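> Generate coordinates for the sequence data below:
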Amino acid sequence: MSDKTPILLWFRRDLRLGDHPALNEASAAGRPVIPVFIHDEVVETHGAAPKFRLGLSVGSLARDLEAKGSRLILRRGKALDCLQALIAETGAGAVWWTRAYDPDARARDEAVKATLKDDGIDARSFGGHLLFEPWTVQTQTGGFYKVYSPMWKAVRDRDVEEPLPEPGRIPAPESWPESDRLDHWAMDAAMKRGRDIVLGHVCVGEAAAQDRLGRFIDEKVASYKADRDLPGLDATSNLSENLTYGEISPHRLWHAGQRAMGEGKAGAEHFLREVVWREFAYHLVHHTPHITSGNWREEWDAFPWNEDERLKEVHAWKRGRTGIRFVDAGMREMYVTGRMHNRARMIVASYLTKHLMTHWKVGLNWFEDCLIDWDPAANSMGWQWAAGSGPDAAPYFRVFNPVTQLDKFDADRTYQRAWIAEGTPRPTATALSYFDAIPESWGLSAGDRYPEPVVDATEGRKRALSAYEARDF
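Numbering: from 1, shown residues only. Presented below is the predicted three-dimensional model:
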């Protein structure tokens, strides 16, 4: 094989130029590099908000590559078919990509790698999506971690590679293959009228992600541990959407946090713990892939959760009309911004799975459709943590009271006012935006009365505990 044959660099959830091991090695190889993004069988399964947000990230990467004198070639279809077609068109001798860990992506990648290798193609995967490859983090007995705290202790003092610089030059081929047009894919179509509302709250691309990290370290990280649970404050990094699409690497977050620790900023270590919480989610997905589709703890398989999404209580939950203000505020924040504060996510998930006794997969699937920062590992672990069926889970008898939680974490009702308009003399702009973002078919307006609780917080807790106590855990 000639060492001048092109390298197809297959982008997926690594949509950046800096700290990109595969891109750096390809650019230094002395061979033409053809960046590629494929709207493939995995992308086809994405929900409305993730697909919309992914499209924005792809567009941003394409512009960044053009500024480097390169291009992003777009194709749609099965990944293997598209790659084989591009190999035939360009004479490429290699296909390189950043490793993925969720079951759907792994199945795709394993099939692609095996077939291309059989065809004599240098098919190679690189790290970059995680700080630590899951198989390199082991307990003292050689197993994988099933509880977060011991894993944190095992990795907190590990050396983490410094972020790689952006390549100075990306060698281009003599001629470029044909490319689809991104706008022809209509990746925002399923968002319908919510698209324009959410669009006002996104932070897209590598440069924006790095600016966001810089502001967080400069202005917020010192008080992060104390303030991160207060949804009425802008106290978190908000980097989840950028990490999801690989617009920024976890290595960059880690070293920024380490520098902040060295400067004595009190919340920096807690920020690093949250970065490792993401690692823990992928560690579990790698070692126990069934966590994405079934109960991690098999003893929960017989638990009598409701799975009927037609119930009025489930409809009320989806619409942010449960009559429980913390729950409804969280759901409405999601429809307007595409994201939800982490404390609200816990309350929203607990209410669905415990007060409404509804299967966590109903919530998992709804979030998969509605969150711009949807992540297959974090979404699965988060829902099972809240439900009690997962690893390192909240004990089954811990049922958050969403009313007292609001008193504790939103005492001045800043968060509630930001997202609930009904019954308010002067609703906030964000609260009113909810009615512009949701489907018209819901028939809701700011003039409606705010509903009574579909399930009272105290009664719902009693019902959940009664059901748990009847099961043999």
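> Tell me how this protein divides into domains.
1-127, 130-162+194-287, 298-469 (automatic domain parsing).
> how near is residue 427 to residue 417?
8 Å (CB to CB, to the nearest Å). In short, each C-beta sits where N, CA and C put it, glycine included.
> can you check residue 36 too?
47 Å.
> How about residue 233?
With CB to CB as the criterion, residue 233 and residue 417 are 13 Å apart.
> Quick check: buried residues in stretch 135-149?
137, 145, 146, 148 (16 or more other CB atoms under 10 Å).
> would you put the C-alpha positions of it in CSV?
What follows is stretch 135-149, C-alpha atoms only, in CSV (Å, rounded to 0.1, in the frame of the first residue of the first chain):
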residue,chain,number,x,y,z
TRP,A,135,-10.6,-1.5,30.3
THR,A,136,-7.7,0.4,31.9
VAL,A,137,-9.6,1.2,35.1
GLN,A,138,-9.8,-1.9,37.3
THR,A,139,-10.5,-2.8,40.9
GLN,A,140,-7.7,-4.4,43.0
THR,A,141,-9.2,-7.8,42.1
GLY,A,142,-9.1,-7.0,38.4
GLY,A,143,-12.9,-6.4,37.9
PHE,A,144,-14.7,-3.2,36.9
TYR,A,145,-16.1,-0.6,39.3
LYS,A,146,-19.8,-0.9,40.2
VAL,A,147,-19.7,2.0,42.7
TYR,A,148,-18.6,5.5,41.9
SER,A,149,-16.7,6.6,45.0
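> Present the buried residues of stretch 135-149 as a markdown table; the columns should include distance to residue 348 and pLDDT.
Converted to a markdown table, the buried residues of stretch 135-149 look like this (distance: CB to CB, whole Å; pLDDT from 0 to 100):
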| residue | distance to residue 348 | pLDDT |
| --- | --- | --- |
| 137 | 30 | 97 |
| 145 | 27 | 96 |
| 146 | 25 | 95 |
| 148 | 21 | 95 |
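> and the residues you listed, which of them are in strands?
Per DSSP state E, strands hold no members of the buried residues of stretch 135-149.
> got TSV for those, with distance to residue 103 too?
Listed next are those as TSV, based on distance: CB to CB, whole Å:
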residue	distance to residue 103
137	19
145	19
146	18
148	21
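> Just the closest of those to residue 471, please.
residue 146 (21.2 Å; CB to CB).
> Assign residue 422 to helix, strand or coil.
coil (DSSP: H, G, I helix; E, B strand; the rest coil).
> and if you look at residue 97?
Per three-state DSSP, residue 97 ends up strand.
> Quick check: closest non-adjacent residue to it.
Spatially, and ignoring its direct neighbours in sequence, residue 97 is nearest to residue 10 (4.1 Å; CB to CB, 6 or more residues apart in numbering).
> Stretch 239-254 - what's its average pLDDT?
Averaging pLDDT along stretch 239-254 gives 98.
> what does stretch 437-456 give?
96.
> Distance from the chain centre to that stretch, please.
Centre-to-centre, stretch 437-456 and its host chain are 27 Å apart (CA atoms, centre = their mean, to the nearest Å).
> can you give me phi and psi for residue 9?
When quoted as degrees, to the nearest 10, the phi and psi of residue 9 stand at phi -100, psi 110.
> try the one 3 residues further on
The phi/psi pair for residue 12 (degrees, to the nearest 10) reads phi -140, psi -90.
> how about the helices of the stretch 151-300 of the chain, start to end?
Along the stretch 151-300 of the chain, the stretches classed as helices by DSSP state H, counting those that start in this stretch are 182-185, 194-199, 206-219, 224-227, 240-244, 250-262, 268-287.
> Looking at those helices, which is nearest to residue 458?
helix 224-227 (29.1 Å).
> Name the residues of the closest one that are buried.
224, 225.
> Same check on stretch 97-107?
Going by 16+ other CB under 10 Å, stretch 97-107 has these buried residues: 97, 98, 99, 100, 101, 102, 103, 105.
> low-scoring stretches of this protein, by residue?
Scanning the chain for pLDDT under 70 picks out 1-2, 393-397, 472-473.
> run the last query once more with 80
Low-confidence segments of the chain (pLDDT under 80): 1-3, 392-398, 470-473.
> Work out which residue lies at the spatial centre of it.
By CA atoms, centre = their mean, the chain has its centre lying nearest to residue 375, at 2.8 Å.
> For the closest residue to that one other than its chain neighbours, give its distance to residue 300.
Nearest non-adjacent residue to residue 375, counting by CB to CB, 6+ apart: residue 244, 5.0 Å away. Computed as CB to CB, the residue 244 to residue 300 distance reads 27 Å.
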